[in-house]
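1. Sequence first, predicted model second:
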Protein chains: 2
Amino acid sequence: MSDDELRLARAYLSRVAEPPAHAVAALVAAVGPVRAARLIRDGDVSAAVDSQTSARRDGDTAAEDLAAVAVLGGRLVIPEDGEWPAWPFNALAVAASHGLRCGLEPLALWVRGDGELAKLTERAVAVVGSRAASAYGQHVAAEFGFGLAEAGVTVVSGAAYGIDGAAHRGALTAGGPTIAVLACGVDIAYPRGHEGLLERIPHHGLVVSEYPPGCRPARHRFLTRNRLIAALGEGTVVVEAGKRSGAKNTAASTAALGRVLMAVPGPVTSASSSGCHELLRSGEAVAVSSVAEVIESTGRLGVDLVEATRATEVGLPQGEALRVFEALPLGSGISAEAVAVESGVELPRVRALLPELELVRLAERVDTGWKRSHEGSWRGDT
Amino acid sequence: MSDDELRLARAYLSRVAEPPAHAVAALVAAVGPVRAARLIRDGDVSAAVDSQTSARRDGDTAAEDLAAVAVLGGRLVIPEDGEWPAWPFNALAVAASHGLRCGLEPLALWVRGDGELAKLTERAVAVVGSRAASAYGQHVAAEFGFGLAEAGVTVVSGAAYGIDGAAHRGALTAGGPTIAVLACGVDIAYPRGHEGLLERIPHHGLVVSEYPPGCRPARHRFLTRNRLIAALGEGTVVVEAGKRSGAKNTAASTAALGRVLMAVPGPVTSASSSGCHELLRSGEAVAVSSVAEVIESTGRLGVDLVEATRATEVGLPQGEALRVFEALPLGSGISAEAVAVESGVELPRVRALLPELELVRLAERVDTGWKRSHEGSWRGDT
């Protein structure tokens, strides 16, 4: 089986069968792509495969498609290639074995860009969200995109307006890497306003699609595409999502694929964050507020664990010492006996604690007795 | 044992022992308040009790304290009274039996206001947060305070600047009820700027303290006080909290007392919400975005369960019908055969689905074939 034969067969299959085409995938798994393509072309297939292929089986444009993508500096990546993201896509096979709708490995991937797909997805996180994003959401998406890319983590997203675009742009600002997974052919700039963005991404990452060149974007294709975004990342960060956002579909795939689902909190007064808050409230997603927390949550990346941020009240007296300190006036001094009454701490303990507080400059001995030291005021939020 | 004797004894105990005074509490539990007060006054006590009482035992101002509070329209509520919040405070006893620091029922409570404490805490939620609150946090606290009070849920807080004050004010706007638990005597307006607020609360709820009149606020008293705020509510909502906010102390008490801990998400770019996000990320708190969610989370209140908010994509075609719809052009019509090729759906199914789409006004038959109906565009966020 020559490499050309394999690639032509998978190019043909990628156009003839609209994903998700489970029956076609099963046939390819059973007899291999070259024989599967021949059987489909001849109509010599089961009813299930026939229903998924009869509409397009007569138009074999595999050679033209490969040529068209090559002109753009692109290529068809197939499972037989070394750069096939076999490990990330393994989750799709596992999900398929559980009968989950999102569980289906693509038959091939059309790719633009110089990077190796498998290498770029070794450390990757998906950053997704609403097209109707707020300024806050776009700011956070850009910051996360930048920070992840700077940490060498590939930012995977869907090239849509709003959160997706901001995440890609953030990553590009850091010099990449980033991967845009499209719901149309890699030769189509969609959305139109992201033409420039989609031209830049191949220089710092990859533009990827399971749809052949010329294939138009469509709603069902976005939903089908979302499983690939979820699969290519170690986890998915939902930056902003309204109640009906498509990002919630990617979130569902993320959970179904056993990936880490993360959500960014936002103002509860913002409808753009309501989907994120639903995911947090239900426990489906873990809250992430920073790139460090994203990296910490996507365990397999496990390089830079976020620093422990527990408040340590250094320098504050505790227990009886605190009570004695609080009993001290700021102005003129009072006697140890008065401190005992005010604090409720017995006199011998007061006499022992006052010099200790003096040592750490919280108390001060004056003519009239004891007072709080000027240096001994602390700030804090009770 | 006369009522007067009991009240005088507990008034004396409330001043002589600085809470938390576990040894004194144990003595009172063992011999009753009147005998405990006498033993303490005489110095006829164990070393543990002695160390908690020796500093103040000689100054018995019980009668004066009761008179001073009566002048303000207040009273001392004691465990022997019918209005003692025995059920909410039961959690303190349970926590004590587990050796937890926050587990200690107060010896008595100084109270201003006409409401009955037990009745007002039948349905109550604590709303707390930073003094250094943002405009966002104060807005949410006021909204939650208003909405809870309007639903007949008592808003418990600490009368501090920032979130506490906003929560009380929100409740007052709805006509109450609200309870302010102070870390000083109920005759002291602290903070000074909340003097007016503290004057209004007794008319629509209660101002409560375990500290006797004249007792000054102090840092350790805020920490001790926080357990009462946590205990008096079915749950605690942390609206905003920085990394070192005292609200995190109330949050810890809430969890230790087995109450529901809730946190309001906010912008991750705001330091004022970082404490809330920590609580959400660790799983200690559940996210709440609305009053309805607070009421839903504090189960025992269980009156108005929040409406299910799952998005239902009514009216959207699914599966093959969606693919056929997406294949339809907006301009001039195309043949069913062309729709089959574009959609990848086999021709007989396309022929069956097009009239179905026409019925629901998503497709339209024209001279040249089939096109998308003008009414057949839907809005949605993919």
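-> Nice, thanks for sending it over. Numbers count the residues shown, from 1 in each chain, chains lettered A, B, ... in the order given.
2. Spell out which residues make up each domain of chain A.
-> Listed domain ranges for chain A are A:1-59, A:61-301, A:319-376 (source: automatic domain parsing).
3. Just name the most buried of those domains.
-> Comparing the domains of chain A by mean neighbour count (mean count of other CB atoms under 10 Å in any protein chain shown), domain A:61-301 comes out on top with a mean of 22. Every residue, glycine included, has its C-beta placed from N, CA and C.
4. quick one: the strands in the stretch 251-382 of chain A?
-> Applying DSSP state E, counting those that start in this stretch to the stretch 251-382 of chain A gives strands spanning A:260-263, A:286-287, A:363-366, A:369-372.
5. Enumerate the residues of the stretch 1-150 of chain A near chain B.
-> Proximity of the stretch 1-150 of chain A to chain B (CB under 8 Å from any CB of the partner chain) is limited to residues A:16-18, A:21, A:50-52, A:54-56, A:59, A:130-132, A:136, A:139-140.
6. Mind doing that once more with 7 Å?
-> With CB under 7 Å from any CB of the partner chain as the criterion, the stretch 1-150 of chain A meets chain B at residues A:17-18, A:51, A:54-56, A:130-132, A:136, A:140.
7. Pick out the most distant pair among those.
-> A:54 and A:136 (49.0 Å; CB to CB).
8. Okay, now the unreliable bits of chain A?
-> Low-confidence segments of chain A (pLDDT under 70): A:300-317, A:374-382.
9. Output the longest helix belonging to it.
-> Longest helix in chain A, counting residues (DSSP state H): helix A:135-150.
10. May I have it exported as CSV, CA atoms only?
-> C-alpha atoms of helix A:135-150 as CSV (Å, rounded to 0.1, in the frame of the first residue of the first chain):
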residue,chain,number,x,y,z
ALA,A,135,-14.7,43.2,27.0
TYR,A,136,-13.9,41.4,30.3
GLY,A,137,-14.1,38.0,28.6
GLN,A,138,-12.0,39.0,25.7
HIS,A,139,-9.4,40.4,28.1
VAL,A,140,-9.2,37.2,30.1
ALA,A,141,-9.1,35.1,26.9
ALA,A,142,-6.2,37.1,25.5
GLU,A,143,-4.4,37.0,28.9
PHE,A,144,-4.9,33.2,29.2
GLY,A,145,-3.9,32.7,25.5
PHE,A,146,-0.7,34.7,26.0
GLY,A,147,0.2,33.1,29.3
LEU,A,148,-0.4,29.5,28.1
ALA,A,149,1.6,30.1,24.9
GLU,A,150,4.4,31.7,26.8
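11. now for whichever helix or strand comes after that helix, which elements pack on it?
-> Downstream of helix A:135-150, the first helix or strand assigned by DSSP states H and E is strand A:154-157. Judged by 3 or more CB pairs under 7 Å, 6 or more residues apart in numbering or on different chains; DSSP states H and E, the packing partners of strand A:154-157 are strand A:124-129, helix A:135-150, helix A:163-173, strand A:178-181, helix A:219-232.
12. one more time with 6 Å
-> When contacts are defined as 3 or more CB pairs under 6 Å, 6 or more residues apart in numbering or on different chains; DSSP states H and E, strand A:154-157 sits against strand A:124-129, helix A:135-150, helix A:163-173, strand A:178-181.
13. Adjacent strands (with direction) for it?
-> Paired strands of strand A:154-157, with direction, are strand A:124-129 (parallel), strand A:178-181 (parallel) (DSSP bridges).
14. what is the orientation angle of the longest one with helix A:135-150?
-> Yep, that's strand A:124-129 we're talking about. 170 degrees (axes from the mean of the first three to the mean of the last three CA atoms, to 10 degrees).
15. about what we covered before: tell me which of the residues of the stretch 1-150 of chain A next to chain B is nearest to chain B?
-> For these, the minimum distance to chain B (CB to the nearest CB) is 2.9 Å, reached by residue A:18.
16. and that closest one, what is it in contact with?
-> When contacts are counted by CB atoms under 6 Å, 6 or more residues apart in numbering or on different chains, residue A:18 touches residue B:344.
17. Quick check on it: phi, psi?
-> phi -70, psi 120 (degrees, to the nearest 10).
18. and the residue lying closest to residue A:226 once chain neighbours are set aside, what element?
-> Nearest in space to residue A:226, with sequence neighbours left out and distances taken as CB to CB, 6 or more residues apart in numbering or on different chains, is residue A:250 at 4.2 Å. Assessed by DSSP H and E, residue A:250 sits inside helix A:247-256.
19. Also residue A:65?
-> helix A:62-71.
20. So which other helices or strands are in contact with that helix?
-> With contacts taken as 3+ CB pairs under 6 Å, 6+ apart, helix A:62-71 sits against helix A:3-16.
21. how far out from the middle of the chain is the helix it packs on?
-> How far helix A:3-16 lies from its chain's middle: 32 Å, per CA atoms, centre = their mean, to the nearest Å.
22. what's in contact with it?
-> If you take CB under 6 Å, 6+ apart as the criterion, helix A:3-16 is touched by A:33-34, A:37, A:53, A:56-57, A:60, A:62, A:65-66, A:76, A:78, A:80, A:107-108, A:212.
23. again, only this time at 8 Å
-> By CB atoms under 8 Å, 6 or more residues apart in numbering or on different chains, the surrounding residues in contact with helix A:3-16 are A:24, A:28, A:33-34, A:36-38, A:40-41, A:53, A:56-57, A:59-63, A:65-66, A:76, A:78, A:80, A:106-108, A:110, A:210-212, A:215, B:344.
24. So which of these sit within strands?
-> A:76, A:110 (DSSP state E).
25. Could you quantify the relative orientation of the helix holding residue A:65 and helix A:3-16 as an angle?
-> Interaxial angle, helix A:62-71 versus helix A:3-16 (the same axes, to 10 degrees): 100 degrees.
26. out of the strands of the stretch 251-382 of chain A, nearest to residue B:263?
-> strand A:286-287 (9.2 Å).
27. Packing partners of the closest one?
-> strand A:260-263, helix B:274-281 (3 or more CB pairs under 8 Å, 6 or more residues apart in numbering or on different chains; DSSP states H and E).
28. among these, which is nearest residue B:287?
-> Closest among the helices and strands packed on strand A:286-287, using CB to CB: helix B:274-281, at 5.6 Å.
29. The closest one near chain A anywhere?
-> Yes: with CB under 8 Å from any CB as the criterion, chain A is reached by helix B:274-281 at B:274, B:276-278, B:280-281.
30. can you put these in a markdown table and add distance to residue B:365?
-> Listed next are the residues of helix B:274-281 next to chain A as a markdown table, based on distance: CB to CB, whole Å:
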| residue | distance to residue B:365 |
| --- | --- |
| B:274 | 59 |
| B:276 | 56 |
| B:277 | 55 |
| B:278 | 60 |
| B:280 | 53 |
| B:281 | 55 |
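31. So residue A:263 sits against residue A:285, correct?
-> Yes: between residue A:263 and residue A:285 a contact is recorded at 3.8 Å, counting by CB atoms under 8 Å.
32. okay, and the common contacts of those two?
-> Joint contacts of residue A:263 and residue A:285 (CB under 8 Å, 6+ apart) are A:238, A:251, A:276, A:279.
33. would you say the first one is within a helix?
-> The one in question is residue A:238. No: assessed with DSSP: H, G, I helix; E, B strand; the rest coil, residue A:238 is strand; it does not lie in a helix.
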